[in-house]
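Q: sequence? don't have it. structure:
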């Protein structure tokens, strides 16, 4: 059984940093893709970052490029999203998700992402 358990998040001032974690079990990340998504109040779901070891690919949304970094700890089978220079518009519920259908690092489509974390709130406010 595949499980994605998230931790991290919280309240931070503009310009601050947070790190989100996504501990993955029941899935070999060497073969499948992991993505981070967010849903801001009143808005649709947005792809933020993804990585695929099989494709050797990492992608970022333009809105977070240069500020967010996705990474992976193989020993812990955990994926991280380091978020720096946070802005109020980054406020959202953040989700990690695994694509075990296509194994592709894709941000514009959610079709292959069939396992999701529970979500964690990130609030950027002074």
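A: The structure has been received and is ready for your questions. Keep in mind that this is a model prediction, so the values were computed, not measured. Numbers count the residues shown, from 1 in each chain.
Q: what number of residues lie near the nearest residue to residue 102 once chain neighbours are set aside?
A: Ranked by Cβ to Cβ, 6 or more residues apart in numbering and with sequence neighbours excluded, the top spatial neighbour of residue 102 is residue 112, at 4.0 Å. (Glycine included, C-beta is placed from N, CA and C.) The tally of other residues near residue 112 (other Cβ atoms under 10 Å) stands at 18.
Q: Next: residue 73.
A: For residue 73, using other Cβ under 10 Å, the count is 11.
Q: And the one 3 residues further on, by the same measure?
A: The criterion is other Cβ under 10 Å. On that basis, residue 76 has 11 neighbouring residues.
Q: Could you do residue 65 as well?
A: Using other Cβ under 10 Å, the number of residues around residue 65 comes to 10.
Q: Quick check: pLDDT value at the most centrally placed residue in the chain.
A: By Cα atoms, centre = their mean, the chain has its centre lying nearest to residue 36, at 1.9 Å. On the pLDDT scale, residue 36 is placed at 98.
Q: Distance-wise, check it relative to residue 50.
A: Taking Cβ to Cβ, to the nearest Å as the measure, residue 36 falls 7 Å from residue 50.
Q: what sits in contact with each of those two?
A: residue 70 (Cβ atoms under 8 Å, 6 or more residues apart in numbering).
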